[in-house]
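In: show me how the following folds:
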Amino acid sequence: MKIYTLHKKQNLPITKEKAWEFLSSPKNLKTITPDYMGFNILSGADRPMFSGQIIQYIVTPILGIKTKWVTEITHVEEGKYFVDEQRFGPYALWHHKHFINEIDGGVEMEDIIDYKVPLGILGQLVHPILVKPKLEEIFNYRTQKLEELFGKY
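Out: The predicted structure is shown next:
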């Protein structure tokens, strides 16, 4: 069983409070997700983030195939970090930690995603040519979008 990790950091010239307000609202996920993914929240984004919150989406991650994705917010420490875990969706495992750290002149946002692709050895063969590049593309888009919204550090 191969578990992969994607680790991203980004600095933004905003307050920790502003970063938390934006990142902890599930409704803002659509803003920082590429349009071609057809990201649409079905339920669960109607209140502020809390541990145990279930959020259901429809996404089109690869080859135009629509997929239902259900995540649970498993941990929240107000203003510091939260964790979302896939309960149903395209991955065999998805555990995404979001950290917000104050730095001089802004914040450092850190994402650590531990994930496992489905389909055993076939999934592992496809990972470097399809899955990993797609995840890199999605998180690069997020970086760009957040800089457009809040400025470069």
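In: all helices of the chain, in order?
Out: Taking DSSP state H as the test, the helices found in the chain are 16-23, 120-126, 132-150.
In: out of those, which comes closest to residue 35?
Out: In terms of C-beta to C-beta, the element of the helices of the chain nearest to residue 35 is helix 132-150, at 9.5 Å. C-betas here are computed from N, CA, C, even on glycine.
In: quick one: list the elements packing against that closest one.
Out: strand 4-12, helix 16-23, strand 106-116 (3 or more C-beta pairs under 8 Å, 6 or more residues apart in numbering; DSSP states H and E).
In: got the angle for the shortest one vs strand 4-12?
Out: Angle of helix 16-23 versus strand 4-12, following axes from the mean of the first three to the mean of the last three C-alpha atoms, to 10 degrees, is 130 degrees.
In: bridged to the residue positioned nearest the centre of the chain, which residues?
Out: The geometric centre of the chain, computed from its C-alpha atoms, lies nearest to residue 96 (C-alpha atoms, centre = their mean), at 6.6 Å. Counting by DSSP bridges, residue 96 is bridged to residue 84, residue 113.
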